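Undergrad: predicted model, plus sequence, below.
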Amino acid sequence: MKGWNRLVWGLVEQIPAGRVMGYGHVAAALGHPGRARQVGWALAALPRDTTVPWQRVIRSSGSLAFQGTPERAMLQRARLQAEGVEFQGDGVDMARYGWLPGDG
DNA sequence: CTGGTGACGTCTT
DNA sequence: GAAGACGCCACCA
């Protein structure tokens, strides 16, 4: 268990269902603004059977990641929609579904 | 230590 | 709005 992974996973697990966070927001919330890539790296290290709700972490712009890997992108979208998140095109309205620690 | 890589973000054309 | 360049830095070979 690496420090970064633990930090990232711990925060992602706190995101309520039906809400989303941007990679950059996660990094900033952990005290590391500008390190969105490391957040992505930490999530990439998750096992397939993880209980961490990684689908709730999307790009800061609201669009989904995994543009190069449609399989997980569709899974992510399906899971979010199942939680009540509405999609507009390929993205989500961050102003509506965005979440930050303490907002819960 | 060196170099390549990447589930990103921001700035510049 | 779209595409390209650059920065960021943990991880792996």
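TA: That came in fine, so what should we check first?
Undergrad: how about the longest helix seen in chain A and DNA strand B, touching?
TA: In chain A, taking DSSP state H as the definition, the longest helix is helix A:70-82. Yes - using C-beta under 7 Å from any atom of the strand, helix A:70-82 comes into contact with DNA strand B via A:72, A:76. In this view, the C-beta of every residue, glycine as well, is placed from N, C-alpha and C.
Undergrad: write out the residues of chain A neighbouring DNA strand B.
TA: A:22-24, A:36-41, A:43-44, A:46, A:54, A:59-61, A:65-66, A:68, A:72, A:76.
Undergrad: for the longest helix of chain A, give me every contacting residue.
TA: A:20, A:53-56, A:58, A:64-67, A:87, A:92 (C-beta atoms under 8 Å, 6 or more residues apart in numbering).
Undergrad: and stretch A:86-97, by the same measure?
TA: A:18-20, A:22, A:58-64, A:77, A:80-81, A:85.
Undergrad: what stretches of chain A score poorly on pLDDT?
TA: A:1-2 (pLDDT under 70).
Undergrad: those helices in it, which residues are they?
TA: So, for chain A - with DSSP H - the helices run A:3-12, A:23-29, A:36-44, A:70-82, A:94-97.
Undergrad: single out the most deeply packed of these.
TA: Among those, judged by mean count of other C-beta atoms under 10 Å, the one packed with the most neighbours on average is helix A:23-29 (a mean of 21).
Undergrad: chain center to that one: distance?
TA: How far helix A:23-29 lies from its chain's middle: 10 Å, per C-alpha atoms, centre = their mean, to the nearest Å.
Undergrad: which strands or helices does it pack on?
TA: Applying 3 or more C-beta pairs under 8 Å, 6 or more residues apart in numbering; DSSP states H and E, one finds that helix A:23-29 contacts helix A:3-12, helix A:36-44, strand A:57-58.
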